[in-house]
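Enquirer: The following comprises the amino acid sequence and a computationally predicted model.
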Amino acid sequence: MRLTILGGGGFRVPLVYGALLRDHAPGRVTGVTLHDLDPARLTAVARVLADQAAGVPDAPEVRTTTDLDEALRGADFVFSAIRVGGLAGRAADERVALAEGVLGQETVGAGGIAYGLRTVPVAVDIARRVARIAPEAWVINFTNPAGLVTEAMAAHLGRRVIGICDSPVGLGRRVARTLGADPDLARFDYVGLNHLGWLRGLYVGEQDLLPGLFDDERLLTSFEEGRLFGADWLRSIRSVPNEYLHYYYFNRETVAAYQQAEQTRGAFLRDQQARFYDEMAHPATPALAAWDRTRAEREATYMAENREAAGAGERAADDLESGGYENVALALMRAIARSESTTLILNVPNAGTLGVLDGTAVIEVPCRVDADGPRPLPVSQLTGHEAGLVTAVKAVERCVLEAAESGSTRAAVRAFALHPLVDSVNVARRLLDGYRGVHPGLGYLTGR
């Protein structure tokens with residue numbers, strides 16, 4: 001089985017390859033093609049993978065290419081993890097938004113809209129080429145904003161594109177461990193959009209353990225989300241939100257923390273990864289050791305501004321482990337290729353799961369997956385405030401899709417103006433002007 005990774009020079013690719021190295025079962029991935037536009041980054045990541053594979057006799061063969069069509073030929077699975085504009089683009093997204101006093105995070109608010117506007121046209125081109133060159137391949141999308149990009153690609157690939165994210169996985173596993181349950185045996189009632197979801201129940205057998213969490217102060221403040229949101233707020237909403245909802249529930253505090261920070265998250269990662277790739281330009285650099293050191297720093301500083309705003313302190317050791325997107329990707333490929341039925345939280349078309357959205361809207365919910373692909377499982381319907389946020393953000397995503405398809409500046413302004421974290425049409429207009437000034441890739445937005 002062959003896997004193609006788009007964005008193959010990306011820093012997190014070794015996580016995926018590490019998961020593949022642990023899989024020795026029949027039908028496993030035996031060949032990996034890394035595709036990237038930057039040959040130097042491809043070379044650097046290939047060196048890390050070679051170090052990982054040392055001593056593993058059945059390690060998947062790795063090849064690299066900058067030719068997209070070549071990368072897609074013969075692929076059974078295509079893992080999409082591209083970053084249009086690179087980390088410099090992410091840093092610019094944050095800077096332009098903060099200048100207007102609004103959030104510039106890469107998937108939430110103004111920054112997420114800017115990222116979507118420049119990513120969707122590229123993702124659509126990839127989808128069309130997959131449909132032409134590798135029509136039987138399944139596309140696993142991790143490119144952010146993951147739900148929006150998956151919906152854009154689904155217009156051309158149908159059900160053969162599936163979005164994944166590590167946030168719901170990490171949330172569910174942390175809460176299960178906090179309640180003394182085996183995360184692998186628990187059933188999660190999780191519902192929403194990508195980076196906009198809530199854990200509404202955690203079942204072991206027929207018993208929902210989650211209500212017991214809200215009655216125990218010690219348990220409520222013993223894991224990352226409890227410290228981030230606070231026990232009182234979690235008791236108020238009677239659910240555990242995805243960590244990204246901190247940007248909504250504590251927006252003013254988070255924006256202030258970002259404005260006061262020495263560097264935004266995007267600028268930190270831009271500089272940190274530039275140092276890593278510069279270091280890797282020297283052939284004598286121990287590749288895997290350099291990567292491990294950089295990753296540990298990256299994980300330890302994740303959502304630092306939010307934790308500062310919440311007074312949550314440093315991340316606990318148990319929270320530094322990866323949320324597990326690479327393991328989700330591997331489990332997804334296994335389920336489809338080997339018909340190993342499993343349940344995963346995925347980004348898939350609604351298909352009647354949530355009554356407040358139409359059938360083609362991509363949502364993030366538990367799915368049963370086998371050789372026929374994923375099927376959404378029944379979940380709790382959204383409460384009033386949840387439905388309000390989800391429908392508002394989905395309307396914003398649809399404006400981004402319209403703008404990307406037509407080049408409409410009006411649709412782009414609507415996307416900014418309608419977002420719950422942007423409070424002014426005039427700010428929306430200035431945001432679009434600001435982003436077009438720093439991102440040449442948004443030059444296509446010229447129509448009315």
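Expert: Received the coordinates, thanks.
Enquirer: quick one, what contacts the closest residue to residue 353 other than its chain neighbours?
Expert: With CB to CB, 6 or more residues apart in numbering as the measure, residue 376 is the residue that lies nearest to residue 353, at 4.4 Å, once sequence neighbours are left out. The C-beta positions use only the backbone N, C-alpha and C, and glycine is treated the same way. Neighbour list for residue 376: 348, 350, 351, 353, 363, 365, 366, 367 [criterion: CB atoms under 8 Å, 6 or more residues apart in numbering].
Enquirer: Give the helix, strand or coil label for the fourth one.
Expert: Right, the one you point to is residue 353. Here residue 353 is recorded as coil under DSSP: H, G, I helix; E, B strand; the rest coil.
Enquirer: mind listing what it touches?
Expert: 363, 365, 376, 378, 379.
Enquirer: Now for these, which sits with the most neighbours around it?
Expert: The residue in the contacts of residue 353 with the most neighbours, by other CB atoms under 10 Å, is residue 363 (26 neighbours).
Enquirer: List the buried residues for the host helix or strand of that one?
Expert: Per DSSP states H and E: residue 363 is located in strand 362-370. Residues of strand 362-370 classed as buried by neighbour count (16 or more other CB atoms under 10 Å): 362, 363, 364, 365, 366, 367, 369.
Enquirer: Kindly report the same for stretch 72-80.
Expert: Burial within stretch 72-80, assessed by neighbour count using 16+ other CB under 10 Å, is assigned to 72, 75, 76, 77, 78, 79, 80.
Enquirer: Surely residue 225 is in contact with residue 171?
Expert: Yes - look at residue 225 against residue 171 with CB atoms under 8 Å: they come within range, at 6.3 Å.
Enquirer: which residues do the two both contact?
Expert: 240, 243.
Enquirer: can you give me the helices in the stretch 101-250 of the chain?
Expert: For the stretch 101-250 of the chain, the helices defined by DSSP state H, counting those that start in this stretch cover 109-133, 146-157, 167-178, 210-214, 217-220, 224-229, 231-237, 246-249.
Enquirer: So which of the ones you listed is the most surrounded?
Expert: Highest mean neighbour count of the helices of the stretch 101-250 of the chain: helix 146-157, a mean of 26 (counted as mean count of other CB atoms under 10 Å).
Enquirer: packing partners for that helix?
Expert: Applying 3 or more CB pairs under 8 Å, 6 or more residues apart in numbering; DSSP states H and E, we find helix 146-157 packed against helix 109-133, strand 138-141, strand 161-163, strand 342-349, strand 362-370, helix 384-406.
Enquirer: roughly how far is it from the heart of the chain?
Expert: Computed by CA atoms, centre = their mean, to the nearest Å, the chain-centroid distance of helix 146-157 equals 13 Å.
Enquirer: Quick one: mean pLDDT over stretch 343-357.
Expert: The predicted model assigns stretch 343-357 a mean pLDDT of 97.
Enquirer: Figure out the length between the terminal residues of it.
Expert: 23 Å (CA to CA, to the nearest Å).
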